Structure formats: structure tokens, C-alpha cells
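# Have a look at this prediction, sequence included:
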Amino acid sequence: MKKLFITLITFSFCTIGFGQNLSFLQQLELIFADIIEVDIQQANMSQINQNGDFNDATVNQRMDLTGNNVSNIQQIGNSNNVALNQIGDSNTANIIQLGNNNINAKNISGSNIQSLSQQIGNNNSIFFVLNSTFEYQTLTNFTQFGSGNLIDVSFYSSNLGYIPESGILLNANQIGNNHSLTGAMDTLGPQVSITQFGGFSGEGMQVNIDTFSGHVGAR
């Protein structure tokens, strides 16, 4: 049976001018960043760092004889896009975006999956599609700080397998106002923890989770 935990918390914080103070964003990055260490010699490795506006980063990784797809992407600026596709075992994807109007789109298929997405700014979006059928760890973490941000997740699997010690496979945190999270998930799929921290008024928060039975493939 799927477990869904939703926490709504209201507190006050100062408005941040994301387009004007990148040094402060870099300090926030140190707070939020939790990059997973990997053995580069055993991985298909991509490392991308982009500063400025209107940047695009596209990564396509498939399993070869070494296994292990790893991608670390950081973008600092506004209106930046990431498109990441990983197929194979032992996938790791870490994406950090600092700024406004950024898009993070990930499509991952395989087993032993670890995915981290962090966005600091306003009107940012995370789109995540996961296909996993093997009995290994699948762990995803999403964090958004700002206002008007969106997380959209789709999990497809007949068995998402091993559950970490925390008992949570999907962990989403949204801090600010007018955030929304939508999800389409297999009933045999992940346990979900969603925490939304309201800003001054804590207004406009939305959560919508739809479940279905059986593996039907990515939409």
C-alpha cells in the first residue's frame, strides 16, 4: 500500500532578488547541495557547469560495459534548460539550478537509481519520469526554494524494489508560495514524502497525486 505524507508549514523569510545577487545564490547552493560521490573510473560521467541566461544542457546516457550512468549539472542564471535521459543500471543524476524560469526535465530508466534536483528561484519547473523494474534502491530528492515553482513526477514500475532505511523513495520539499506538485504513480510504486513550507502567507500550495495499477510505460 502506498504511503503519502504531506506536511504544510508556514514561516516568514526575506524576498531574494535572484537576478541581481548570484553570490548569495552560490552561498545557498552550499546549503542545499548534496552531491552523491561516485567512482568516475566506473561510470559514464558527465559534468556540466553553465553561468548566464538562456543556456541549454542536453545529456543522453546509455549503459555500456562499465555500467553506471552519472551526470552532474549546475546552471546559474535565468531561463535555463536541462534535458537528461539515462538508460541502464546504477543511474545517478544531480541537477542544481540557481535563478528564475528554469526547467529541469529528467527521464530515467533502469535500476539502482539516485536522483537529486534542486532549484533556487521563482517560476521554476521539475519534470521527472522514472521507469524502474528491478529490486534495487530507487531514491529521488527534489527541493525548490522561491515562489510559483512546479514539480511533476511520473513513476512507472511493477516493482520499485528496495526501500531505503528512511522508508521513503520520493522526497519533495517546496519552500515559498504558490508551489504545486503533481504526480502519476503506479500503486506498487514509491512511498512519497511531500513537505511544503509557506512563505509570508503560505498561500497557493497544491498537491495532486494520481495512482494506477500495473506498469503501463512512460507517458
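In hand now; what should we look at?

# what's the burial count for Ala105?
Using other Cβ atoms under 10 Å, Ala105 is surrounded by 18 other residues. C-beta: built from backbone N, CA, C; applies to glycine.

# Just confirm it contacts Asn85, I think it does.
No - contact criterion Cβ atoms under 8 Å: Ala105 and Asn85 do not qualify, at 9.1 Å.

# quick one: buried residues of stretch 143-157?
Applying a neighbour-count criterion of 16 or more other Cβ atoms under 10 Å, one finds 143-157 buried in stretch 143-157.

# May I ask which two of the residues you listed are separated the most?
The span of these, defined through Cβ to Cβ, is set by Ser147 and Ser157 at 32.8 Å.

# where does this structure dip in pLDDT?
1-43, 64-67, 133-137, 158-168, 187-190, 199-203, 213-219 (pLDDT under 70).

# let's see 90
Flagging of the chain using pLDDT under 90 yields the residue ranges 1-46, 61-69, 87-91, 108-114, 130-140, 154-171, 176-178, 183-219.

# where exactly do the helices run in it?
Secondary structure of the chain, counting by DSSP state H: helices at 22-32.

# how about the nearest residue to Asn55, chain neighbours excluded?
Leaving aside its sequence neighbours, Asn55 sits nearest to Asn80 (Cβ to Cβ, 6 or more residues apart in numbering; 4.5 Å).

# Just give me the closest of the buried residues of stretch 143-157 to Val129.
Once Cβ to Cβ is applied, the member of these that ends up nearest Val129 is Ser154, at 4.7 Å.

# I'd guessed that closest one sits against Leu170; true?
No - using Cβ under 8 Å, Ser154 makes no contact with Leu170, being 11.1 Å away.

# any shared contact partners between the two?
Gly183 (Cβ atoms under 8 Å, 6 or more residues apart in numbering).
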